[in-house]
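Student: would you be able to build a 3D model of this:
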Amino acid sequence: MKRKKWAVSASMILVILILFIGIAMATSRANPNSKKVSMVAVNSSQIHTSKPASSEKQSSSSSRVQSVKSSTSAQAKSTTKTSEKMVKSESGTSDPIFRVYKRDSVNGAIKKYHTLKNPPKATGQPVKLTNGIKAVKQGTMGHVYVQWQHGKWLLTVIMNSADAMTPKKLISKVAVIQQHLNQLKLLSQKVNQGSVKIYADPQRNPVNQISWRTDTKVGEVVGNDWIPTVKAAVQELGQMG
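Tutor: From the prediction side, this is the model:
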């Protein structure tokens with residue numbers, strides 16, 4: 001009986017040992033899987049952290065594209081074609097000087113026209129010229145400015161203060177210039193913008209100025225004597241038209 005009890009107890013101990021060995025083997029097999037899972041987790045974290053780097057590349061590339069576009073547009077703006085000619089007659093120093101400027105766009109021509117030294121709009125006392133034309137007179141530094149609008153043309157006549165002491169003197173002085181302008185047909189020339197600056201008395205410097213804009217072309221004539229200056233402007237306007 002004692003031998004039987006010992007055999008039963010030994011078999012139970014053997015069974016317990018086998019169970020322990022099986023559990024140990026099972027846990028050892030489970031550890032590699034857990035390492036793989038942790039490696040996968042690490043790899044996934046690396047993938048997630050790498051995404052912002054790619055987005056940074058995309059943002060930098062998009063900024064480069066924008067900078068290229070802006071530089072291209074700046075180059076396109078700076079490639080506006082400009083051609084200028086300056087012709088001076090050889091018959092004498094008092095002959096007028098021609099200048100013609102050409103632009104690719106109307107806006108470019110308008111900007112160029114405003115860079116010319118055209119007289120600004122005068123503000124002063126109203127005066128009525130011949131044919132009922134309403135003008136404005138303004139005195140400054142020994143001169144009197146008489147200005148009026150005729151269609152697209154802004155006309156400014158400058159005379160000595162002594163010649164404008166009375167309204168009758170002023171009107172008669174301006175009337176002579178009005179007559180010549182009508183005879184020479186300057187004011188009948190079609191322009192988008194026009195300016196006439198005439199000194200009623202002879203000048204040593206080419207201060208008489210006639211400038212205009214027609215679409216994308218800008219013209220300017222300056223001279224010492226205002227009658228040849230007007231004739232040159234009419235001739236140039238005819239060639240440009």
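
Student: contacts only, for the closest residue to residue 133 other than its chain neighbours.
Tutor: The shortest distance from residue 133 to any non-neighbouring residue, by Cβ to Cβ, 6 or more residues apart in numbering, is to residue 148 (5.6 Å). Yep, even glycine has a C-beta here, placed from its N, CA and C like the rest. By Cβ atoms under 8 Å, 6 or more residues apart in numbering, residue 148 lies in contact with 129, 133-136, 155.

Student: same question, residue 144
Tutor: Residue 144 sits in contact with 137-138, 158-161, 163-164, 170, where contact means Cβ under 8 Å, 6+ apart.

Student: quick check: chain neighbours aside, which residue is closest to it?
Tutor: residue 164 is the one closest to residue 144 (Cβ to Cβ, 6+ apart), at 4.1 Å.

Student: you'd agree that neighbour is up against residue 173?
Tutor: Yes: shown here, residue 164 and residue 173 form a contact pair, counting by Cβ atoms under 8 Å, at 7.2 Å.

Student: ok, back up a step: in its sheet, which strands sit next to the helix or strand containing the residue nearest to residue 133, and in what direction?
Tutor: If you go by DSSP states H and E, residue 148 is part of strand 143-150. Paired strands of strand 143-150, with direction, are strand 134-140 (antiparallel), strand 153-160 (antiparallel) (DSSP bridges).

Student: which parts of the shortest one are buried?
Tutor: Residues of strand 134-140 classed as buried: 135-137 (neighbour count, 16 or more other Cβ atoms under 10 Å).

Student: name the nearest of the residues you listed relative to residue 123.
Tutor: Distances from residue 123 to these, taken as Cβ to Cβ, are shortest for residue 136 (6.8 Å).

Student: what sits against that closest one?
Tutor: With Cβ under 8 Å, 6+ apart, residue 136 has these contacts: 122-127, 146-148.

Student: partners of it in the sheet?
Tutor: residue 126, residue 147.
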